[in-house]
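In: Task: produce atomic coordinates for the following.
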Amino acid sequence: MQVDHGFTQPLHLLFGAIDAVPVVPVFVNCVAEPLGPVTRARLLGAAVGRAAQALGRRVLIMGSGGLSHDPPVPRIQDAPPEIAERLIAGRDPAPEVRAARESGVVRAVAAFAAGDSHLLPLNPGWDADLMALLAGGDLESIDARPNDWFAANGGHSAHEVRTWIAAYAALGAAGRYRVDTSFYEAIPEWIAGFGLTTARTLPV
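Out: Numbers count the residues shown, from 1 in each chain. Predicted coordinates:
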């Protein structure tokens, strides 16, 4: 599997390159349906956290994904055969195909920002509640949330918060933690709610 912008952009911003420090990429399915229950993301994160703790080293854990957003991307169950095939095996499209897709997204973004779109609007309240839940440490409470809850409140790409859940579960495997930084802004021009948090484990 190829690492995507979710991996590479944070590494570039923090370290200047994707190979500046040892990195273990952990893939969490946030797009390909049918999706497993969100519990699996939490349990995967906890397992990664226990493994990291066993190293006896200082470890930075990052989760990178959007909050509420419902971008204009096809879904496999609604896609015609040629689009479905692209979703399955079209990782490296031809330049003209990529250009056509990008221009379509640009048009959709302009319509969304102008309030003339069928896409689900951003949901800052939902984003804030989720960020507060993660900060509070009661991660098991999210297990009761069905997949439809994420899509209905945050859009189909809000499933990317599974990376946040996994990262916080990894941190929580080492004990209690404290959120030091929390920032949020809804940006319609990018069709997404953007958030950033930093947290650290507390001394025992």
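In: Look up how far Gly195 lies from the closest residue to Ala151 other than its chain neighbours.
Out: For Ala151, ignoring the flanking residues on the chain, the nearest one in space by CB to CB, 6 or more residues apart in numbering is Ala158 at 6.7 Å. The way it works is simple: take the backbone N, C-alpha and C, and place the C-beta from them, glycine included. Here the criterion is CB to CB, to the nearest Å. By it, Ala158 lies 12 Å from Gly195.
In: What of Ala99?
Out: Distance from Ala99 to Gly195, by CB to CB: 31 Å.
In: Next up, the contacts around Gly175.
Out: Counting by CB atoms under 8 Å, 6 or more residues apart in numbering, Gly175 makes contact with 201-202, 204.
In: Let's see the longest helix seen in the chain as PDB, backbone CA atoms only.
Out: Criterion DSSP state H: the longest helix present in the chain is helix 95-113. C-alpha atoms of helix 95-113 as PDB (Å, rounded to 0.1, in the frame of the first residue of the first chain):
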ATOM      1  CA  PRO A  95      -2.800  12.800 -16.000                       C
ATOM      2  CA  GLU A  96      -5.900  13.700 -18.000                       C
ATOM      3  CA  VAL A  97      -8.100  11.600 -15.700                       C
ATOM      4  CA  ARG A  98      -6.500  13.200 -12.700                       C
ATOM      5  CA  ALA A  99      -7.000  16.700 -14.200                       C
ATOM      6  CA  ALA A 100     -10.700  16.000 -14.900                       C
ATOM      7  CA  ARG A 101     -11.200  14.800 -11.400                       C
ATOM      8  CA  GLU A 102      -9.500  17.800  -9.900                       C
ATOM      9  CA  SER A 103     -11.400  20.300 -11.900                       C
ATOM     10  CA  GLY A 104     -14.700  18.600 -10.900                       C
ATOM     11  CA  VAL A 105     -13.700  18.900  -7.200                       C
ATOM     12  CA  VAL A 106     -12.800  22.600  -7.600                       C
ATOM     13  CA  ARG A 107     -16.200  23.300  -9.100                       C
ATOM     14  CA  ALA A 108     -17.900  21.300  -6.300                       C
ATOM     15  CA  VAL A 109     -15.900  23.200  -3.700                       C
ATOM     16  CA  ALA A 110     -16.900  26.600  -5.100                       C
ATOM     17  CA  ALA A 111     -20.500  25.600  -5.100                       C
ATOM     18  CA  PHE A 112     -20.300  24.300  -1.500                       C
ATOM     19  CA  ALA A 113     -18.600  27.500  -0.300                       C
END
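In: Just the element for the closest residue in space to Asp143 that isn't next to it in sequence, please.
Out: Among residues not flanking Asp143 along the chain, Thr39 sits closest, at 4.5 Å (CB to CB, 6+ apart). For Thr39, the host element (DSSP states H and E) is helix 38-54.
In: This protein: helices as residue ranges?
Out: Going by DSSP H, the chain shows helices at 5-15, 38-54, 81-89, 95-113, 124-136, 147-154, 161-172.
In: Before I go, just wanted to say thanks for your time.
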